[in-house]
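**Q** here are the coordinates; sequence isn't available:
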């Protein structure tokens with residue numbers, strides 16, 4: 001690899017498995033000095049962190065983070081400041097969905113998906129902002145999914161407000177219900 005991230009400190013939400021874990025490995029390959037894996041899956045985060053530490057000798061800190069909790073975000077940012085003194089990269093990767101037909105989606109499911117997929121992204125950017133601003137160069141990466149284009153109970157799965165996929169989802173779903181537009 002090219003060491004593009006040499007010396008960088010990055011927080012990856014949902015870093016315990018799947019895409020988040022793959023990003024953590026890639027960041028370590030690219031020379032990231034410190035990785036923070038924010039996740040509610042603490043045991044899996046610990047395992048992923050151990051593998052990355054062993055393979056790359058990168059500092060990896062698994063932290064408990066429910067992205068929909070402002071209190072968790074504040075604690076994680078304080079831990080990062082205290083442990084590393086900086087944050088260069090925030091990757092808002094965590095996302096959930098509820099596989100159900102749209103008409104069968106419960107309000108509680110909708111609210112949970114929105115809390116994680118949208119509010120979590122907002123809170124991450126809000127709380128990381130101060131540490132990121134202190135660096136000459138920093139980055140926020142908000143990951144979304146093609147799943148936001150399907151009309152199930154995915155509650156605006158594409159994490160940004162006003163994502164064009166949202167309108168397309170609704171239009172596609174309404175057409176499947178027999179309405180022309």
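**A** Sure thing, it's come through. Note that this is a predicted model, so its numbers are computed, not measured.

**Q** where does the chain have low pLDDT?
**A** By pLDDT under 70, the low-scoring segments of the chain are 1, 147-181.

**Q** 80 - rerun?
**A** For the chain, residues meeting the criterion pLDDT under 80 lie at 1-2, 99-102, 146-181.

**Q** ranges for the helices of it?
**A** Ranges of helices within the chain are 18-29, 42-56, 70-83, 107-114, 120-133, 164-176, based on DSSP state H.

**Q** dump those helices to a markdown table, plus mean neighbour count and distance to residue 64.
**A** The way it works is simple: take the backbone N, C-alpha and C, and place the C-beta from them, glycine included. Output for the helices of the chain, formatted as a markdown table (neighbours: other CB atoms under 10 Å; distance: least, CB to CB, whole Å):
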| stretch | mean neighbour count | distance to residue 64 |
| --- | --- | --- |
| helix 18-29 | 20 | 15 |
| helix 42-56 | 17 | 6 |
| helix 70-83 | 16 | 7 |
| helix 107-114 | 14 | 18 |
| helix 120-133 | 18 | 14 |
| helix 164-176 | 14 | 31 |
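
**Q** and these as a markdown table, adding distance to residue 3?
**A** Listed next are the helices of the chain as a markdown table, based on distance: least, CB to CB, whole Å:
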| stretch | distance to residue 3 |
| --- | --- |
| helix 18-29 | 9 |
| helix 42-56 | 12 |
| helix 70-83 | 22 |
| helix 107-114 | 37 |
| helix 120-133 | 21 |
| helix 164-176 | 35 |
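
**Q** which residues does the spatially closest residue to residue 64 that is not a sequence neighbour contact?
**A** What sits nearest to residue 64 in space, not counting adjacent residues and going by CB to CB, 6 or more residues apart in numbering, is residue 42, at 5.7 Å. If you count contacts by CB atoms under 8 Å, 6 or more residues apart in numbering, residue 42 has them with 16, 62, 64.

**Q** which among the helices of the chain is found nearest to residue 146?
**A** Between residue 146 and those, the shortest separation by CB to CB is 8.0 Å, and it involves helix 164-176.

**Q** how about the closest residue to residue 139 other than its chain neighbours, what does it touch?
**A** Distance criterion CB to CB, 6+ apart; nearest residue to residue 139, sequence neighbours excluded, is residue 89 at 5.0 Å. Contact analysis of residue 89 by CB under 8 Å, 6+ apart lists 5, 8-11, 27, 32, 138-141.

**Q** now, the residues you listed that are in strands?
**A** Among the contacts of residue 89, the residues falling in strands (DSSP state E) are 9-11, 139-141.

**Q** among those residues, who's most crowded?
**A** residue 11 (29 neighbours; other CB atoms under 10 Å).
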